[in-house]
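In: fold the following and give me the result.
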Amino acid sequence: MRNGFLLLPLAALALVGAAPRTAVAYFAGGCFWSNETDMDRVPGVISTTSGYAGGHVRNPTYEQVSAGNTGHLETVRVVYDPARISYARLVDRFFHTMDPTDAGGQFCDRGPEYHTAVFVRTPEERRIALAVRARAGQVLHAPIATEVRPINGFYPAEAYHQDYARRNPVRYHLYRTGCGRDARVAQLWGRHA
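Out: Okay, the predicted model is just below:
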């Protein structure tokens, strides 16, 4: 400090009042392999991590979550650049990658761990997610099963689940095609898919 003034490096001054460079969103869209793959394709998404959210067990394993007793949903943490894609647009893209009318799971994956949700961190995220959800119901002319819930912790899935489609393209393609995900999304959303 010199003459009562705090000297800051120019780089630090540039950060004062600057918009955040990254933000985080959490989506449960059925199988996290497919959810991760779909969100990775969205311009402005920096990275995705498969994991578990919404349950009551700390650090759950895939086996525990698959048994359906932990309350967790297979969820993807999405790190994105808010200068390239807004939270509202990201939530909208998420809705268009799955069947938000299905209350029993997604496609061939059935059970509570495959239910869909937008996990929110702030009242503003909740407001946006509810608005996108309402618009989806209007477009589809159907009740929407996807919940909007507060995030109460996120636990990354085991390493073998991360980037599964990229690391196992043939196996993943067979799974996704066999599950009928893309066909159902195209049927449901039509030109909006």
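In: stretch 24-43: end-to-end distance?
Out: Distance between the two ends of stretch 24-43: 15 Å, counting by C-alpha to C-alpha, to the nearest Å.
In: for that stretch, list every residue counted as buried.
Out: 24-40, 42 (16 or more other C-beta atoms under 10 Å). Placement of C-beta: from N, CA and C, glycine included.
In: mean confidence for it?
Out: Across stretch 24-43, pLDDT averages out at 97.
In: again with stretch 58-78
Out: 96.
In: show residues contacting it.
Out: 24-32, 35-36, 39, 45, 47-57, 90, 111-117, 119, 153-158, 161 (C-beta atoms under 8 Å, 6 or more residues apart in numbering).
In: in that stretch, what counts as buried?
Out: 60, 62, 64-65, 70-78.
In: and stretch 130-148, by the same measure?
Out: Of all the residues in stretch 130-148, those buried under the rule 16+ other C-beta under 10 Å are Val132, Arg133, Ala136, Leu140, Ile144, Ala145, Thr146, Glu147, Val148.
In: closest one of these to Tyr172?
Out: Thr146 (23.5 Å; C-beta to C-beta).
In: that closest one and Val91 touch, don't they?
Out: No: using C-beta atoms under 8 Å, Thr146 makes no contact with Val91, being 10.0 Å away.
In: which strands and helices sit next to the longest helix anywhere in the chain?
Out: The longest helix of the chain (DSSP state H) is helix 123-140. Helix 123-140 sits against helix 87-95, strand 116-120, strand 147-150, helix 181-189, with contacts defined as 3 or more C-beta pairs under 8 Å, 6 or more residues apart in numbering; DSSP states H and E.
In: what bits of this protein have low per-residue confidence?
Out: Residue ranges of the chain with pLDDT under 70: 1-20.
In: tell me the phi and psi of the one residue sitting closest to the centre of it?
Out: Nearest to the geometric centre of the chain sits Phe27, at 2.4 Å (C-alpha atoms, centre = their mean). Dihedral angles of Phe27 (phi, psi; degrees, to the nearest 10) stand at phi -130, psi 130.
In: tally of neighbours for Asn152?
Out: By other C-beta atoms under 10 Å, 11 other residues sit near Asn152.
In: pull the contacting residues for it.
Out: Ala53, Gly54.
In: so it, which state does it fall into?
Out: coil (DSSP: H, G, I helix; E, B strand; the rest coil).
In: which SSE is the closest residue in space to Tyr164 that isn't next to it in sequence in?
Out: Nearest residue to Tyr164 in three dimensions, chain neighbours excluded: Trp33, at 4.3 Å (C-beta to C-beta, 6 or more residues apart in numbering). Per DSSP states H and E: Trp33 is located in helix 32-40.
In: many thanks, I have nothing further to ask.
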